[in-house]
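[1] Sequence and predicted structure are below.
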Amino acid sequence: MAEVLDVAAYILDKAGPMSAMKLQKLCYYAQSWHMVWESRPLFDDRIEAWANGPVAPSLYRVHRGKFTVSSSDIPGDADELDSGEKESIDAVLEFYGTKGAHELSELTHRETPWVEARRSAGLAPMEPGTAEISPASIAEYYDGLTSAEN
């Protein structure tokens, strides 16, 4: 199974340099939609409900202190991804890739997985915290969005 660093490397290879915050949100959405489309996680790395939206701490440790990141900053290997994983990420980039970091952050703030993780941990909207967004809550929410469209 790929790691979030592999997903981040692939995203940066495809989309070019971007803000660290945008990269975090794109990795989150790639994980979310891949779980719906392929019925399995894209990566096992933990995702937490930070004040500015979902964050994979293992990715954060790599880009901490950088505003903009490029593929040379991330020690992941895009070749670790299989064709189905790349297809999921490509679809996420097509839909979310033109949105800015703050727009993506605001979007996640309106979605149940982030809201519920923070609420369960007793965190105020902008209070720092490391509550986990469970893979089950992600899969349930995004799968529900596909059901609502049908």
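    Arrived safely. This is a predicted model, so every value here is computed, not measured.

[2] can you list the weak-confidence ranges in this structure?
    Low-confidence segments of the chain (pLDDT under 70): 148-150.

[3] So which residues of it form helices?
    Taking DSSP state H to define them, one finds helices in the chain at 4-15, 20-38, 57-63, 83-96, 101-109, 112-120, 135-149.

[4] How about the contacts made by I89?
    7, 10-11, 14, 30, 34, 42, 81 (CB atoms under 8 Å, 6 or more residues apart in numbering). No exception for glycine: its C-beta is placed from N, CA and C like everyone else's.

[5] Weed out the non-buried ones from those.
    7, 10-11, 30, 34, 42, 81 (16 or more other CB atoms under 10 Å).

[6] R46: neighbouring residues, count only.
    Residues near R46, counting by other CB atoms under 10 Å, number 15.

[7] Against A121, how distant is it?
    14 Å (CB to CB, to the nearest Å).

[8] In contact with the most centrally placed residue in the chain, which residues?
    Closest to where the C-alpha atoms of the chain average out (CA atoms, centre = their mean) is Y28, at 1.1 Å. The contact partners of Y28, by CB under 8 Å, 6+ apart, come to 47, 53-56, 108.

[9] and if you look at E140?
    Contacts of E140 by CB under 8 Å, 6+ apart: none found.

[10] quick one: S88 and S39 touch, right?
    No: the pair S88 / S39 is not scored as a contact, 11.5 Å apart, by CB atoms under 8 Å.

[11] With neighbour numbers in mind, choose between those two.
    Using other CB under 10 Å as the criterion, S88 and S39 rank with S88 on top: 23 against 9.

[12] what sits against that one?
    Contact analysis of S88 by CB under 8 Å, 6+ apart lists 30, 33-34, 37-38, 42.
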